[in-house]
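S.K.: kindly return the folded structure for what I paste below:
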Amino acid sequence: MEKNTEKHFSFLKLFIIIILIISAIIAYGFLVEPKLITVKEQKISLDNWPDNFNGFKIVHISDLHYGRIFNNQSLKKLVQSINEQKPDIVVLTGDLIDKNTNMTTSKANQISNLLKQINATTGKYAVNGNNDLNFDEWVNIVTNGGFKDLNNTYDTIYKDGYSSIFIAGASTVKDKLSINDKLKTSIDYLNSFTKDGPIYKILLLHEPDTIDDLSVNPFDMILAGHSHAGQVRLPFLGPIILPDGAQKYYDNHYKIDNSDLYISNGLGVSNYNFRLFNTPSYSLYRLVQKK
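M.R.: From the prediction side, this is the model:
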């Protein structure tokens, strides 16, 4: 009888321990991990890379979903972290604002004022995401925050020399325009060079799967977001739920022909306020000479 009692007690203890572990994981996923910010640093070594761009730093942020968990305090923390990296350019690849945010003029001004505090030596660029399309205020928020609205247009970046980096942007697929129409002006500009064109070509977009619809791909680097890397990832299984537009491409890096596609796993949460084994982060890319 005593052995049965001890066995029953041992089973009960094991059951309680399992419940406590599961509860702790759930609590961590709701209360802790969504509020963390980490930096993913990537060194990109390039052949024939000029001295004036050697060490050029790109900070890539995406999917803040401001108004859900991400708030002014989160944005202040992000701004401080970015400025510590001393980036040359900062790029935002969409979903700055969560679709359920109650946007007001005061709130829009607060976001802009905080974005304005992000320091970049050369420029700041943004394209919208599917959530941003719900807000007419998006353009004013990013431009008042010192970002150039790069939706369906381009810019050239110079730094202490005549060589240039080309950067183009495509708006979210939710606006129903084809990516080829969105990038026609940009690609026509690149095709106008017979020699001495930009030394490096960057494309910003929100939904990474869109890249497969591009008829001509002249880009060296493609930066995207949207996937959240699944938001919840389990060991050996990977992402559990992936959104439309990031069903094929959702991890950190893919090689597509001559392009490197880098996808941010995002800084916020969408649909449910939960992250697990997938810490919010932004990326820092350093473009350096190959040795």
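S.K.: only C-alpha atoms for contact and neighbour calcs from this point on.
M.R.: Fine.
S.K.: contact partners for the spatially closest residue to Leu150 that is not a sequence neighbour?
M.R.: Nearest residue to Leu150 in three dimensions, chain neighbours excluded: Gly169, at 5.0 Å (C-alpha to C-alpha, 6 or more residues apart in numbering). Taking C-alpha atoms under 8 Å, 6 or more residues apart in numbering, we find Gly169 in contact with Ala126, Val127, Leu150, Asn151, Asn152, Thr153, Tyr154, Leu183, Leu203, Leu204, Leu205.
S.K.: surely the last one touches Tyr125?
M.R.: No - at 11.2 Å, Leu205 and Tyr125 do not qualify as touching, with contact defined as C-alpha atoms under 8 Å.
S.K.: more crowded one of those two?
M.R.: Leu205 (31 against 24; other C-alpha atoms under 10 Å).
S.K.: distance of the more buried one from Ser171?
M.R.: 6 Å (C-alpha to C-alpha, to the nearest Å).
S.K.: what number of residues lie near Ser106?
M.R.: Ser106: 9 neighbours (other C-alpha under 10 Å).
S.K.: hmm, who's touching the helix or strand harbouring it?
M.R.: Here Ser106 sits within helix 105-116, counting by DSSP states H and E. For helix 105-116, contacts defined as C-alpha under 8 Å, 6+ apart pick out Asn72, Leu75, Lys76, Val79, Glu137, Ile141, Val142, Thr143, Asn144, Gly145, Gly146.
S.K.: buried residues, that helix. List them.
M.R.: Going by neighbour count (16 or more other C-alpha atoms under 10 Å), the buried part of helix 105-116 is Ala108, Asn109, Ile111, Ser112, Asn113, Leu114, Leu115, Lys116.
S.K.: on that earlier part again, show me the contacts of helix 105-116 that map onto helices.
M.R.: Members of those lying in helices (criterion: DSSP state H): Asn72, Leu75, Lys76, Val79, Ile141, Val142, Thr143, Asn144.
S.K.: among the residues you listed, which one sits closest to Asn278?
M.R.: Leu75 (19.2 Å; C-alpha to C-alpha).
S.K.: distance check, the closest one against Ile69.
M.R.: Distance from Leu75 to Ile69, by C-alpha to C-alpha: 11 Å.
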